[in-house]
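**Student:** sequence? don't have it. structure:
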């Protein structure tokens, strides 16, 4: 249970990132699409409802009581009629879960069958071999270096 708390503490000490309080049970119910393939992501949300640092963010679960900080949520990012990611392509959104914003138009996604993490670059998706923790760590380092 302390694993994510330890990682969040390290990231907060290392980078000037914003970490939202843990997601509530009600938020998980609204994000019903987080299924078995997103176990790490669900565990992450139980410890914080998103992390952001300059142009990077792990999208939060929508929280109606804190809508200003959760407006750009994972819920909106995966709704074909509302998303600004993956050109709203229903087929891609059926196959992938958008979970992170890499800048205003690029995202990171999780394959719903395999759980693998992919990132968008030059209009194409590229698969990584990173865990969720490794992905967050590498992007935070990249943001810090730029």
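**Tutor:** On my side now, so go ahead. Note that the structure is predicted; figures quoted are calculated from it, not measured.
**Student:** my read: residue 8 touches residue 50, true?
**Tutor:** No. Using C-beta atoms under 8 Å, residue 8 is not in contact with residue 50, being 11.1 Å away. For the C-beta atoms, the positions are set from N, CA and C on the backbone; glycine is no exception.
**Student:** which residues are in contact with both of the two?
**Tutor:** Shared contacts of residue 8 and residue 50 (C-beta atoms under 8 Å, 6 or more residues apart in numbering): residue 19.
**Student:** quick one: which of those two has more around it?
**Tutor:** residue 50 (25 against 18; other C-beta atoms under 10 Å).
**Student:** so who does residue 30 touch?
**Tutor:** Counted by C-beta under 8 Å, 6+ apart, residue 30 has contacts 61-62, 75.
**Student:** please disregard the earlier target; I meant residue 19.
**Tutor:** So residue 19 contacts 8, 11-12, 48, 50-51 (C-beta under 8 Å, 6+ apart).
**Student:** now with 6 Å, please.
**Tutor:** By C-beta atoms under 6 Å, 6 or more residues apart in numbering, the residues touching residue 19 are 8, 12, 48, 51.
**Student:** kindly state the beta-bridge partners for it.
**Tutor:** residue 51 (DSSP bridges).
**Student:** for PyMOL, write the selection for the buried entries among the contacts of residue 19.
**Tutor:** Selection of the buried residues among the contacts of residue 19 in PyMOL, burial being defined by 16 or more other C-beta atoms under 10 Å:
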select buried, resi 8+48+51
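**Student:** tell me what the nearest residue to residue 118 once chain neighbours are set aside is bridged to.
**Tutor:** In this structure, residue 118 finds its nearest non-sequential neighbour in residue 125, 4.6 Å apart by C-beta to C-beta, 6 or more residues apart in numbering. Under the criterion DSSP bridges, residue 125 forms beta bridges with residue 120.
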